[in-house]
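**Q** Provided below are the primary sequence and the corresponding predicted coordinates.
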Amino acid sequence: MWRQLALVLLVASCNNQRARPQPALVADKENQPAAILLGPIERSALGDDPYRTWFDEQYGGYQLDTLTLALLAESLVDVDIKIFLGTWCQDSRREVPRVYKILDYLGYPTERVTLIALDRDKHGPVHEEEGFDIKLVPTTIFYRGGVEIGRIIESPTDTNEQDMAEILLN
């Protein structure tokens, strides 16, 4: 009886783990021995080595445009954000920490940001990029009510703050 119960619990716990997408950590062929993340990830993964170095450097060194940000606080209330990035990509390494610094400053809830790490061909392990027309990373997509209202592709046209204002206030 106890063996059967233990077997049922083991199978159930394995099924629960498969239900949640887990990021893949793979060797980066072009940048050995560094590794890249693939798939849905949490922001906390970027705080681990080896990603912490570039994340902390860009986050800490970025000077916020607080005047523009003062206009944005109210406009983010009903907005969800999806960011496609490459942990191997210089543009992602520069821009993603900067976007997070902006969001942190505004008190934006991190659970409303979806991060998806892609490989050099802009693919996730289960093709999370399909249907999003991702050609360059990072691509930051803003949604209001489930509808895309704009995106910042690779790097901002002006600054992240100004590009966000253009998307969110129009």
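**A** Structure received. Numbering: from 1, shown residues only.
**Q** how about the residue minimising distance to the centre of the chain, what does it touch?
**A** Nearest residue to the geometric centre of the chain (CA atoms, centre = their mean): Leu115, 2.5 Å. Neighbour list for Leu115: 40-43, 83, 85, 96 [criterion: CB atoms under 8 Å, 6 or more residues apart in numbering]. Heads up, the C-betas are built off the backbone N, CA and C, glycines and all.
**Q** burial measure for Lys101, as a count.
**A** The tally of other residues near Lys101 (other CB atoms under 10 Å) stands at 18.
**Q** Just the pLDDT for it.
**A** On the pLDDT scale, Lys101 is placed at 98.
**Q** re the thing from before, quick check: the residue nearest to the centre of the chain vs Val137, distance?
**A** Computed as CB to CB, to the nearest Å, the Leu115 to Val137 distance reads 11 Å.
**Q** Which neighbours do those two have in common?
**A** Residues touching both Leu115 and Val137 (CB under 8 Å, 6+ apart) are Leu85.
**Q** Would you map the strands across this structure?
**A** Remark: strands assigned in the chain by DSSP state E are 24-27, 35-41, 79-85, 113-117, 139-144, 147-153.
**Q** Let me see the mean pLDDT of the third one.
**A** Mean pLDDT, computed over strand 79-85, is 98.
**Q** ok, now the fourth one?
**A** For strand 113-117, the mean pLDDT works out to 98.
**Q** Would you reformat the contacts of Leu115 as TSV and include distance to Phe142 and neighbour count?
**A** Converted to TSV, the contacts of Leu115 look like this (distance: CB to CB, whole Å; neighbours: other CB atoms under 10 Å):
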residue	distance to Phe142	neighbour count
Pro40	18	18
Ile41	19	22
Glu42	20	12
Arg43	17	17
Ile83	10	23
Leu85	15	23
Val96	15	27
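**Q** so which of these would you say is closest to Met164?
**A** Among the contacts of Leu115, Ile83 lies closest to Met164 (CB to CB), at 12.6 Å.
**Q** Roughly how far does the closest one sit from Gln90?
**A** 16 Å.
**Q** for Glu128, same thing?
**A** 22 Å.
**Q** before we move on, back to that, relative to Gln162, how far out is the residue nearest to the centre of the chain?
**A** Taken as CB to CB, the span from Leu115 to Gln162 is 23 Å.
**Q** do Leu69 as well
**A** To Gln162, Leu69 is 10 Å away according to CB to CB.
**Q** quick one, which of these two is more surrounded?
**A** In terms of neighbours (other CB under 10 Å), Leu69 is the more surrounded of Leu69 and Gln162; the figures are 16 against 13.
**Q** How about the more buried one: what's its closest non-neighbour residue?
**A** Distance criterion CB to CB, 6 or more residues apart in numbering; nearest residue to Leu69, sequence neighbours excluded, is Glu161 at 5.7 Å.
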